[in-house]
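Trainee: I need the structure of the sequence given here:
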Amino acid sequence: MTDRVDFYVLSSPTPKQRFTFACRLIEKAYLRGLRVVVLSASADDAQALDDLLWTFNDQSFVPHRLCSGDESPDADAPVHLSTVLDAAPAADLLVNLSDRLPTGLERFARIAEIIDGDPERRRLGRERFKIYRERQLAPQTHQMDGSGDI
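Mentor: Presented below is the predicted three-dimensional model:
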């Protein structure tokens, strides 16, 4: 059952900032012992995030697995990257980097939506915010100032 939905609103419209912020959020969740699923909009986005998770911080290591729809998830991997939630296990945190409302929300205790400054992404984010509110999930908005703090 989903207990919490957080929208992290970034000022920059660049995908790089969105992915870097996602890496920091994923790392923080991993260090707290949480299981994480990341929903990407495309296979290219999932691959870019996979690459960035290896390099975004020289001082950390976030074990993760890139999952496609035709393979079963690795139960030992604490972080799964996917473009379809059917291929992903239930988790403590779902990080939504796609522009669509995730399905099967009940499998995730918490959802993090990362919205950058792109006008279309913000419009789609507002639509998802309304849907979450209609489902009585009380989403919270966090305006990120660019300092990198989560």
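Trainee: residues in contact with residue 140?
Mentor: 4, 5, 6, 7 (C-beta atoms under 8 Å, 6 or more residues apart in numbering). (Glycine included, C-beta is placed from N, CA and C.)
Trainee: please redo it, this time with the cut-off set to 6 Å
Mentor: Each residue near residue 140 by C-beta atoms under 6 Å, 6 or more residues apart in numbering is listed here: residue 6.
Trainee: Quick one: distance of the worst-scoring helix or strand of the chain on mean pLDDT to the chain centre.
Mentor: The helix or strand with the lowest mean pLDDT-type score in the chain, counting by mean pLDDT, DSSP states H and E, is strand 65-66 (a mean of 88). For strand 65-66, the gap between its own C-alpha mean and the chain's C-alpha mean amounts to 14 Å (C-alpha atoms, centre = their mean, to the nearest Å).
Trainee: Next: stretch 88-96.
Mentor: Averaged over its C-alpha atoms, stretch 88-96 has a centre that lies 8 Å from its chain's centre (C-alpha atoms, centre = their mean).
Trainee: again, but for stretch 12-30
Mentor: The chain centre lies 8 Å from the centre of stretch 12-30; the measure is C-alpha atoms, centre = their mean.
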